[in-house]
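Colleague: sequence and computational prediction follow.
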Amino acid sequence: KNAAEYNLARVYGLQGYWSKAKPIFERQYKDAPGNILILKAYAYSLAATGEHARACEMYKTVYDNDTEDPEAALNYARILVLTKRYEDALTFIEELKTRFTETAEKKVLDELEEKIKNAQSEPEKRTEPTEKAESTETKSEGVEAEPEASAVKTEDADSKAKNAKAADPKNAAVHTEEKK
């Protein structure tokens, strides 16, 4: 039953219906708080539905469970940026730069620092998205399966495939790419 519910929630998420997926992941997380796969999926669904502060707590938990996992560390750094905790993010990024030396990881950290710099130098322009816009925006701004997938801009077959992969909570990575 749990596997079927988890897969149902994944399908909802892949279709952009995070408000339907989140209660399923939440219930499963309450039943099995030590299950990292469910924890990641629940954190992902929180970010996708705009509950960024709670998602940040969850991603911190994922990171604390395995501080040597670059994906967990980068996801936590991304959610810190998304929640505009810039000072915390910068401090954390500096720590990560000394621990993770792979080119891809350094690139992500440099991009996050650049996003912080840009965000701190620009006045607030964004408004809260509607639920439909939120599901699209979350794919490009809040939640990603790959470290640097591009923002949703078109509906061609390649975009749909990339967006479906990006929306897969099984990977449950956070991404802060903003729409241009």
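Modeller: Yes, it's here. No experiment lies behind these values; they were computed from the predicted model shown.
Colleague: show me the contacts for residue 25.
Modeller: Residue 25 makes contact with 6, 9, 38, 41, 42, 44, 45, 169, according to CB atoms under 8 Å, 6 or more residues apart in numbering. For every residue, glycine as well, the C-beta is placed using N, CA and C.
Colleague: ok, 10 Å please
Modeller: 5-6, 9-10, 12-13, 18, 38-46, 169, 172 (CB atoms under 10 Å, 6 or more residues apart in numbering).
Colleague: quick one: buried ones out of these?
Modeller: Listed as buried from the contacts of residue 25 are 6, 9-10, 12-13, 18, 38-46, 169, 172; burial here means 16 or more other CB atoms under 10 Å.
Colleague: show me the residues you listed that map onto helices.
Modeller: The helices, defined by DSSP state H, take in 6, 9-10, 12-13, 18, 38-46 from the buried ones among the contacts of residue 25.
Colleague: and these, which is closest to residue 60?
Modeller: Using CB to CB, residue 43 is the member of these that lies nearest residue 60, at 9.3 Å.
Colleague: tell me which element the nearest residue to the closest one once chain neighbours are set aside falls in.
Modeller: Closest residue to residue 43 apart from its sequence neighbours, by CB to CB, 6 or more residues apart in numbering: residue 58 at 3.4 Å. Secondary-structure assignment from DSSP states H and E places residue 58 in helix 52-65.
Colleague: what residues sit buried inside that helix?
Modeller: Buried residues in helix 52-65 (16+ other CB under 10 Å): 52, 55, 56, 58, 59, 60, 61, 62, 63.
Colleague: reformat those residues as CSV; add pLDDT and distance to residue 93.
Modeller: Listed next are the buried residues of helix 52-65 as CSV, based on pLDDT from 0 to 100; distance: CB to CB, whole Å:
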residue, pLDDT, distance to residue 93
52, 94, 18
55, 95, 18
56, 95, 15
58, 95, 20
59, 95, 14
60, 96, 15
61, 94, 19
62, 94, 17
63, 95, 13
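Colleague: show me which of those is closest to residue 106.
Modeller: residue 63 (18.0 Å).
Colleague: verify the stated contact: that closest one with residue 73.
Modeller: Yes - the criterion here is CB atoms under 10 Å, and residue 63 meets it with residue 73 at 5.8 Å.
Colleague: touching both of these two, which residues are there?
Modeller: Listed contacts common to residue 63 and residue 73 are residue 92; contacts here mean CB under 10 Å, 6+ apart.
Colleague: which helices and strands does the host helix or strand of residue 96 pack with?
Modeller: Element membership for residue 96, per DSSP H and E: helix 86-99. On a contact count with 3 or more CB pairs under 10 Å, 6 or more residues apart in numbering; DSSP states H and E, helix 86-99 meets helix 52-65, helix 70-82, helix 103-121.
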